[in-house]
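Participant: Below are the sequence and a predicted model; questions follow.
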Amino acid sequence: MKKPIIVAVDDDAEVLQAIAHDIRREYGDRFRIIRVDSGTRALDVLRQVRLADETVALMLADQRMPGLSGVEFLDEAKRLFPTAKRTLLTAYADTDAAIKAINDVRLDYYLMKPWDPPEDRLYPVLDDLLDDWMADYRPAFEGIRLIGHRWSSESHDVRDFLARNQIPFQWLDITTDPAAQELLDLTGPGARQLPVLLFSDGTILENPTLQAIAEKTGLRRTLDVPVYDLIIVGGGPAGLAAAVYGASEGLRTAVVERHAAGGQAGMSSRIENYLGFPSGLSGEDLARRATTQAQRFGADFLLTHEVCQLATGEGSVGVRMADGSEVRAHSLIVATGVTYRRLTDPGISELTGRGIYYGAAMTEVASVRGEEIYIVGGANSAGQAAVFFANHASKVTMLVRGESLSATMSHYLVERIEHTPNIEVRYQTAVARADGDGHLESLVLRDSVTGECQTVPARAMFVFIGAVPPTEWLKDTVALDERGFILTGPDVLAAGKGAWKLDRDPFLLETSIPGVFAAGDVRHGSGKRVATAVGEGAMAVMSVWQYRAHAGL
Ligand SMILES: Cc1cc2nc3c(=O)[nH]c(=O)nc-3n(C[C@H](O)[C@H](O)[C@H](O)COP(=O)(O)OP(=O)(O)OC[C@H]3O[C@@H](n4cnc5c(N)ncnc54)[C@H](O)[C@@H]3O)c2cc1C
C-alpha cells in the first residue's frame, strides 16, 4: 500500500534539508516525505501526486520564498488536497502574517524557526496534526482508473476486458462523476480521447486497444518454448481443464486465448449445476481458480492472441496468430467454444455496446440499477442472466421465440424465473428494431403469431441467442459438420469422404488431423455445459497420451 505523503517546501536548501531530515526520522516509516525548493514546483509535484491517486497528509511551507509565498502556496495547494493539514514555517518577524493566515486561508498551524529540539518544538505539533488527519483517512483505491462515457462501446469493451481478466479498476463516468473531469484536466491541456486509463505509475493510455492494455498490465507476453508438448486454443472451461490435466501430468503446455480466461462461463453470474459447489459459484471465480491451478502446474498462458490459422507439418502442429507470430507443439487441443449469433435487425449494430450487449456484461450492473431491461433468448444463459439482473433492475422482460422455456432451459432456472416477481417472459416475441440517439432508447417488439408490433422504452438489452462455433480458420483443414462444429473420433470416420487417412482409427476426441483434438462446446455432439466441457478437456488429454504413445513421443 502506498504511504500518505508529507510535503516540505523551502527555497533555503539548508533549512529544507534540516526539516526533511527531522520529519523523515520521526515519520519516515509511515509517510513518504517529499521536499521541493519552490511553491510553484511544489504545485506541479502535487498535481502529479493527485494524478497518481496518492494522498497528502501534511504540507509544510516556509513563508518567505521568492515567487509564491508559503501562505499563497498553501492556499493553492488546498484545492488539490483539501483535507491535508497545512503548516507554515515562519521566522519571528512573520508571526503576524502567520496569525492572519490562520483566519484567511484556514492554516492549521504555524511553526517557528528554529524548531530545536524537534522532540519539544516540532514533533508534538505534527503528531497532533497527523493523528487528526489519520482519523478521517481512508486509503485510496490503488488500481487502474478508467475514465469513459457510459454510452460508449469502447468504454464498455475496456471495462469488460478488465473485469474478465480480474484486473481491479475504478470506473469514472464522465457524464455523472465530477472527479472524472477533474482527473482528466490534471493529465494536461488539450482534449483527451476517451476512454482514458490512468495507471498508478503515471502512465496514461488514451483510447487504447485491448492488446495495449494487456501489454501494460502484463497479461500479454510471448512464449519462449520452441515446441510445446501441448497447445490448447481457447481458455474456457474445456481449455482450462485440459491445461490443468496436461501440465499436471508433465506435458509442457500452453494456452492461447484471444480475450480472457473463462470463456462463456466467465460471463456467468452463478453456475449452480457444477459438481461440488452446492450454492453455486460465479464464472469469474471458476476462471480465476482454474487459471491459478493450471499456472501452478506450469502451464503458460498467451492472452489477447487470436489464432487464425492451423499450420500442420512433419512431427508437429502449429498455430499462427493474428499478429503473424506462431507457436508449435506435438499435439493441439481446439477448445474454442461457441459465440453468440448477432442480431441483424435495424438499429442493432449501431447501438451495440451502447445499451445493447451480447452476453451478461456484468460490468453494466450499476448502470441498469432501477431500470427496465430486456433479455433476448430462452436457454440457460439467458435465464441465468434474467435472475441475476432481476436483483438490480426494476423489471426484466425476457423475449423468447418459442412457446415455453422448458424445452431449452434447466428446470431449476425455469422455477427460479417463475418465482421472481419482477421477471416477465414474453413468448413468441422477437426484436424487430432498436432505436436511440447515441444509446438505446426504445425497441420495436414483434409478436410472431399475430405479426403485431409494439414500441417499448428500453435502456438496456442483453442478447443470448444461438451458438456459433468460431471455426472459420479450420474450415479448409479439419472436418466440420454442416454448422461448423468439429467432428471427432467415430464421427470423423462416419463422415467418410476420405476425411481420415491413417490405418488406425482416430482416438476418441481426435479430429480428422492426427494429433489435433477438440473438446467442449466447439465439438460436434458436445453437452454445452460447464461440466461436460471440463470433462472433455480432461478426456482430450487422455487422447493426447494415446497419440503420443502411438507416435513414439
Ligand atoms: C452467460 C452464460 C451462462 C452459462 N451458465 C451455465 C451454467 O450455469 N451451467 C452450465 O453447465 N453451463 C452454463 N453455460 C454454458 C457453459 O458456459 C459452456 O458450455 C462452457 O463455457 C463451454 O466451455 P468451452 O471451454 O467449450 O468454451 P467457451 O467457454 O466458449 O470458451 C472458448 C474460449 O475460446 C476462445 N477462443 C475462441 N476462438 C479463439 C481463437 N481463434 N483464438 C484464441 N482463442 C479463441 C474464446 O475467447 C473463449 O474464451 C453458460 C454460458 C453462458 C454464456
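Facilitator: Yep, it's here. Numbers count the residues shown, from 1 in each chain.
Participant: The ligand contacts on the stretch 101-250 of the chain?
Facilitator: 233-239 (CB under 6 Å from any ligand atom). For the C-beta atoms, the positions are set from N, CA and C on the backbone; glycine is no exception.
Participant: Grab the two from those residues that are most spread out in space.
Facilitator: Pairwise distances across those (CB to CB) peak at 14.1 Å, for the pair Val233 and Pro237.
Participant: Looking at those two, which is more packed in?
Facilitator: Each of Val233 and Pro237 has its neighbours counted (other CB atoms under 10 Å); Pro237 has more, 34 against 27.
Participant: what's the distance between the more buried one and Tyr274?
Facilitator: 9 Å (CB to CB, to the nearest Å).
Participant: Can you check which residues contact both of those two?
Facilitator: Each of 286, 530 lies in contact with both Pro237 and Tyr274 under the rule CB atoms under 8 Å, 6 or more residues apart in numbering.
Participant: And the most centrally placed residue in the chain, which helix or strand is it part of?
Facilitator: Nearest residue to the geometric centre of the chain (CA atoms, centre = their mean): Leu162, 1.4 Å. According to DSSP states H and E, Leu162 maps onto helix 153-164.
Participant: got it, and Val396?
Facilitator: Val396 belongs to strand 395-399 when elements are defined using DSSP H and E.
Participant: mind checking which helix or strand of this structure has the lowest mean pLDDT?
Facilitator: When each helix and strand of the chain is scored by mean pLDDT, DSSP states H and E, helix 365-368 comes last, with a mean of 80.
Participant: can you tell if whichever helix or strand comes after that helix touches the ligand?
Facilitator: Per DSSP H and E, helix 365-368 leads on to strand 372-376 as the next helix or strand towards the C-terminus. No. If you take CB under 6 Å from any ligand atom as the test, strand 372-376 misses the ligand, and the best it gets is 10.5 Å.
Participant: how near is Asp116 to Trp133?
Facilitator: Shown here: Asp116 relative to Trp133, a distance of 25 Å by CB to CB.
Participant: could you pull out the helices for the stretch 451-553 of the chain?
Facilitator: 490-495, 530-551 (DSSP state H, counting those that start in this stretch).
Participant: got the CA positions of the longest one in PDB?
Facilitator: Read it as helix 530-551. Presented in PDB, the C-alpha positions along helix 530-551 are these (Å, rounded to 0.1, in the frame of the first residue of the first chain):
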ATOM      1  CA  VAL A 530     -19.500 -26.400 -18.000                       C
ATOM      2  CA  ALA A 531     -19.200 -29.900 -16.600                       C
ATOM      3  CA  THR A 532     -19.200 -31.600 -19.900                       C
ATOM      4  CA  ALA A 533     -16.600 -29.100 -21.300                       C
ATOM      5  CA  VAL A 534     -14.400 -29.700 -18.300                       C
ATOM      6  CA  GLY A 535     -14.800 -33.500 -18.700                       C
ATOM      7  CA  GLU A 536     -13.900 -33.300 -22.400                       C
ATOM      8  CA  GLY A 537     -10.900 -31.100 -21.600                       C
ATOM      9  CA  ALA A 538      -9.600 -33.900 -19.300                       C
ATOM     10  CA  MET A 539     -10.500 -36.600 -21.800                       C
ATOM     11  CA  ALA A 540      -8.800 -34.800 -24.600                       C
ATOM     12  CA  VAL A 541      -5.500 -35.000 -22.600                       C
ATOM     13  CA  MET A 542      -6.100 -38.800 -22.400                       C
ATOM     14  CA  SER A 543      -6.400 -38.900 -26.200                       C
ATOM     15  CA  VAL A 544      -3.100 -36.800 -26.400                       C
ATOM     16  CA  TRP A 545      -1.300 -39.500 -24.300                       C
ATOM     17  CA  GLN A 546      -2.700 -42.300 -26.600                       C
ATOM     18  CA  TYR A 547      -1.500 -40.300 -29.600                       C
ATOM     19  CA  ARG A 548       2.000 -39.800 -28.100                       C
ATOM     20  CA  ALA A 549       2.300 -43.500 -27.200                       C
ATOM     21  CA  HIS A 550       1.300 -44.400 -30.800                       C
ATOM     22  CA  ALA A 551       3.600 -41.800 -32.400                       C
END
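Participant: Give the other helices and strands that it contacts.
Facilitator: strand 227-233, helix 237-248, strand 326-334, strand 516-518 (3 or more CB pairs under 8 Å, 6 or more residues apart in numbering; DSSP states H and E).
Participant: What sits closest to the residue of the stretch 351-500 of the chain found nearest the ligand if chain neighbours are left out?
Facilitator: Proximity of the stretch 351-500 of the chain to the ligand (CB to the nearest ligand atom) peaks at Ser381, 3.3 Å away. Nearest residue to Ser381, sequence neighbours excluded (CB to CB, 6 or more residues apart in numbering): Phe464, at 4.6 Å.
Participant: And the pLDDT at that neighbour?
Facilitator: The model reports Phe464 with a pLDDT of 91.
Participant: Likewise for Ala42?
Facilitator: 97.
Participant: how many other residues sit next to it?
Facilitator: 25.
Participant: and what of Gly28?
Facilitator: Neighbours of Gly28 using other CB under 10 Å come to 14.
Participant: Check the one 10 residues further on too.
Facilitator: The local packing of Ser38 (other CB under 10 Å) involves 17 other residues.
Participant: Pretty sure it sits against Leu16.
Facilitator: No. Ser38 lies out of contact with Leu16 (CB atoms under 8 Å); the separation is 10.3 Å.
Participant: Next up, the contacts around the closest residue to Val449 other than its chain neighbours.
Facilitator: Nearest in space to Val449, with sequence neighbours left out and distances taken as CB to CB, 6+ apart, is Gln428 at 5.2 Å. The contact partners of Gln428, taken as CB under 8 Å, 6+ apart, are 400-403, 447-449.
Participant: can those residues go into CSV with extra columns for distance to the ligand, secondary structure and pLDDT?
Facilitator: Output for the contacts of Gln428, formatted as CSV (distance: CB to the nearest ligand atom, whole Å; DSSP: H, G, I helix; E, B strand; the rest coil; pLDDT from 0 to 100):
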residue, distance to the ligand, secondary structure, pLDDT
Val400, 16, coil, 96
Arg401, 18, coil, 93
Gly402, 18, coil, 92
Glu403, 23, coil, 92
Asp447, 26, strand, 96
Ser448, 24, coil, 93
Val449, 28, coil, 94
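Participant: what about burial for those residues, which qualify?
Facilitator: Buried by 16 or more other CB atoms under 10 Å: Val400, out of the contacts of Gln428.
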